[in-house]
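# Using only what follows, build the 3D model:
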Amino acid sequence: GSKDKAIEYLAKSLETNSLNQAQKGESHLLLANLYYEEEQYVEAKTNYDAARGTISKNDERYLETERLAKGLTDIVKNSEIIVLQDSLLKVSNMSDADKRKLAAEIKKKEADDKLAAAKAANKSKLPSNIPVGGNSGNLGAGGIKSNFFAYNDKASKKGRREFEKRWPGRNTLEDNWRRSNRQDLSSDDNIADAGAYEEALTDEEISKVLAGVPKNDTEIKKANDQVMTALFELGTLYRDRLKNNEKALVTLEELNKRYPESRHELESWYFLYLAYSDLGDNGKKRAYYDKILEKYGNTIYARVLKDPEYLSKTEDKESKINDYYNETYAM
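From the prediction side, this is the model:
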């Protein structure tokens with residue numbers, strides 16, 4: 001019954017699984033279902049897609065997996081729009097100094113990631129009979145026993161004892177160990193601190209790193225419009241596609257809080273009315289009923305609220321008109 005632990009161990013299983021495709025498919029499918037239950041739809045979609053690529057099309061679960069993956073496509077798309085544009089808007093409000101600092105951190109992370117990838121690639125190229133990161137069996141190139149002093153265990157241990165005697169407490173390897181103001185950075189994991197990148201960055205490089213960040217009122221408005229539309233679409237999808245009224249309420253309420261009197265106001269109010277109605281919250285349902293009739297009394301939504309049979313009557317009327325037209329055309 002511990003979903004968090006299940007997700008943790010399934011993720012570890014996938015990290016170490018390189019050959020067993022059948023188990024990989026099972027892991028992805030179980031992860032997808034767990035994420036779906038936890039309403040983490042982006043992660044669920046990622047794993048449903050991965051499961052589709054690994055389980056057989058003859059598997060009785062394949063069609064259901066495909067249906068769920070496709071059903072989450074628009075939900076994930078709108079979720080990602082909101083996350084991305086909110087992040088860009090947040091950066092746009094930063095001072096120039098903070099933007100420079102952020103760009104430096106991004107550049108440093110890119111460099112660290114490249115270094116880690118290079119080390120992993122080199123590690124994979126080493127002969128399998130030579131342990132990585134430990135004593136290499138005193139072997140030199142080609143597996144020949146080496147006379148190099150550092151490969152001599154006795155000499156190494158003796159040197160370490162003498163070092164610790166002269167520099168007590170300095171028994172761990174680190175950069176700049178003799179300096180009192182040294183940076184607490186390991187050369188294995190870092191190339192330079194972010195400050196070094198910050199000093200070296202040009203304005204052109206900062207613009208390149210922070211590409212996509214809104215730079216003026218027009219671009220800020222465009223980003224907000226994308227968030228506004230994505231919130232509306234996400235809220236309606238939660239209700240119509242996933243039958244998740246609770247998520248629909250949270251999303252549409254946030255839309256109206258962040259963007260009052262938006263172009264989606266009327267429709268969002270109607271969906272909120274329907275969601276509260278489904279959940280049996282008559283107080284909130286009545287509140288949105290009154291708001292729609294007060295502000296949008298002449299719209300089709302107001303007519304539908306006042307007369308639940310309005311749409312069927314309208315369709316019946318249109319059907320009669322179409323029949324009359326077809327009969328007249330035939331004559």
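# Every contact and neighbour count from this point should use C-alpha atoms.
Will do.
# mind showing which ranges of this structure have poor pLDDT?
123-194, 196-197, 310-320 (pLDDT under 70).
# residues of the longest helix anywhere in it that come out buried?
Ranked by residue count and defined by DSSP state H, the top helix of the chain is helix 96-125. Buried residues in helix 96-125, counted by 16 or more other C-alpha atoms under 10 Å: 99-108, 112, 115.
# same check, this time on stretch 2-14
Neighbour-count burial for stretch 2-14, with 16+ other C-alpha under 10 Å as criterion, is recorded at 7, 10.
# try stretch 265-278
265-266, 268-277.
# With just CA atoms, put that stretch into CSV.
Presented in CSV, the C-alpha positions along stretch 265-278 are these (Å, rounded to 0.1, in the frame of the first residue of the first chain):
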residue,chain,number,x,y,z
GLU,A,265,-14.8,33.9,-17.9
LEU,A,266,-18.3,33.0,-19.0
GLU,A,267,-17.4,29.4,-20.2
SER,A,268,-15.2,28.8,-17.1
TRP,A,269,-18.1,29.9,-14.8
TYR,A,270,-20.4,27.5,-16.6
PHE,A,271,-17.9,24.6,-16.2
LEU,A,272,-17.6,25.6,-12.5
TYR,A,273,-21.4,25.5,-12.2
LEU,A,274,-21.4,22.0,-13.7
ALA,A,275,-18.5,20.7,-11.6
TYR,A,276,-20.0,22.0,-8.3
SER,A,277,-23.4,20.5,-9.4
ASP,A,278,-21.8,17.1,-10.0
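# Contact partners for F271?
Listed by C-alpha atoms under 8 Å, 6 or more residues apart in numbering, the contact set of F271 reads T236.
# what helix or strand is it on?
Element membership for F271 (DSSP states H and E) is helix 265-278.
# residue boundaries of the helices in the stretch 201-331 of the chain?
According to DSSP state H, counting those that start in this stretch, the stretch 201-331 of the chain carries its helices in the segments 203-209, 217-240, 245-258, 265-278, 282-295, 300-306, 310-330.
# Residues contacting the longest one, please?
If I follow you right, that is helix 217-240. 74-75, 78-79, 81-82, 85-86, 89, 214, 244-245, 247-252, 254-255, 259, 264, 268, 271, 275.
# One more: the third one?
With C-alpha under 8 Å, 6+ apart as the test, helix 245-258 has contacts from 228, 231-232, 234-239, 262, 265, 268, 272, 275-276, 278-279.
# With respect to V42, which of the buried residues of helix 96-125 is nearest?
Here the nearest of the buried residues of helix 96-125 to V42, counting by C-alpha to C-alpha, is I106; it sits at 24.0 Å.
# Angles on the backbone of L68, please.
phi -70, psi -40 (degrees, to the nearest 10).
# Tell me the spacing between it and L305.
The gap separating L68 from L305 is 33 Å, by C-alpha to C-alpha, to the nearest Å.
# packing partners for the longest helix of the chain?
Helices and strands touching helix 96-125, as assessed by 3 or more C-alpha pairs under 8 Å, 6 or more residues apart in numbering; DSSP states H and E, comprise helix 194-200, helix 203-209.
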